[in-house]
Structure formats: structure tokens, C-alpha cells
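[1] Predicted model follows, preceded by the sequence.
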Amino acid sequence: MREIIRELVHTALVSLAVFLSIHFSIENFKVDGFSMTPTLVDGQHLITNKLVFSRLSPDALTGLIPFAPDLGDDNALFAFHPPERGDIIVMLHPQEPSRALVKRVIGLPGDIIEIDTGRVIRNGERLEESYIVHSDARSFGPIRVTEDSYYVLGDNRLVSSDSRQWGFVSDEYVIGRAWLSYWPSDRIEFQ
């Protein structure tokens, strides 16, 4: 009897560890709207990799690693790497943090972004954006992306509400990178 109880406890602990690791690593997300068309469509379901952009507090890090240098209180570190240009990310809306959005990262901290009659220019070079089907003729900038922030745009520029309207996205609002589209079945693909 003791052996059975030990096996049950062991199985429960392993199951809990697997559940927690999955819960903190990935999240389901449903695309709501047409701002990323044709790359992503309204109602499409994604699995978001939250672990890749997870942030570590310097205080927690120095507490875990003996003799670690003092990194300061205000600089959180990314566990793997920060968002990169071209990544499709799931993020919290900067003005409505209860709402999640999906957008493409166009500018990183320090980049200078300008839009000239619908064409994006980053650091003086025009971007080749083959994923754009519906562009618009608006102009914007130039503007420098602030530290710890990103400039994001939707692929369907005609209908997208993005950094052109509400400004930069703080790295604290980034949930994760779109990793896998799994529904509808004809759109199953890695992003």
C-alpha cells in the first residue's frame, strides 16, 4: 500500500510540474480583427511562446546566483532574447491593458522610424515588406523608438490600429511571440 501511495504522489508531482511548465511557457490566442490580414485572419487560433520573451528581475537573479554583479533595480533581463524586427508578437494594448493584440515588430529601441506615403523607412533604409497587401498613403515621423519599447504595425495597414495611433509598446506589455497557427486547419503553420 505504501508503494502505491508513493507512486500516486510522484505521478501527481510530475503532472503538476508539467502543467506549470506548459502554463508559463505557452498560451492560446485567438486573432480578433483584420489588422494582420493576410498573414493572420480574423478568428485564427495561435499558440504563443511566452517563454522566449520572459523577463527576469535583476533582484531575483542576484538572489539566485552567488557573487552575481549588481545589475540595478530598473533593468529587467530577457531570459532568452528580446523581440526582434519582423517578429509577430502577442501584446497587451497600451491604452487598454485588458485587451490583447497581435502585431509585427517594426522598430527596436533606438531605431528611427519614418513612414513616407505608406512606405516604412527604418534607420534611413526602406523596408521590403512582401507581407503587405493593403497599404495606405499616410506619412508619419521620423521618430526614435524609446528605450525598453517597440514600434509595431499591423500587416493590413488600412485598418490596423497600431504604433501610428497609440505610440510605442513597452516591453512589459509583450506577452510572447506567435509560434504556431493551429486553427482553422487549412492555416496550420509555424509563424
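    Sure thing, it's come through.
[2] mind listing what's buried in stretch 38-47?
    When burial is assessed from 16 or more other C-beta atoms under 10 Å, stretch 38-47 yields the following buried residues: 39-40, 44-47. Bear in mind the C-beta positions are built from the backbone N, C-alpha and C, glycine included.
[3] what does the lengthiest strand in the chain rub up against?
    Counting residues, the longest strand found in the chain (DSSP state E) is strand 174-183. Here strand 174-183 makes contact (C-beta atoms under 8 Å, 6 or more residues apart in numbering) with 26-27, 29, 40, 44-53, 83, 87-92, 100, 102, 150, 187-191.
[4] out of those, which are buried?
    Counted by 16+ other C-beta under 10 Å, these give 26-27, 29, 40, 44-50, 52-53, 83, 87-92, 100, 102, 150, 191 as buried.
[5] so which of the buried residues of stretch 38-47 would you say is closest to residue 112?
    Checking the buried residues of stretch 38-47 against residue 112 with C-beta to C-beta, the nearest one is residue 39 at 24.9 Å.
[6] any idea how far the nearest residue to that closest one once chain neighbours are set aside is from residue 162?
    Distances taken as C-beta to C-beta, 6 or more residues apart in numbering put residue 155 closest to residue 39, at 4.7 Å, once the chain neighbours are dropped. Relative to residue 162, residue 155 is positioned 10 Å away (C-beta to C-beta, to the nearest Å).
[7] Regarding the residue most central in space within the chain, what are the backbone dihedral angles?
    Nearest to the geometric centre of the chain sits residue 89, at 2.9 Å (C-alpha atoms, centre = their mean). When quoted as degrees, to the nearest 10, the phi and psi of residue 89 stand at phi -120, psi 150.
[8] That concludes my questions; thank you for your assistance.
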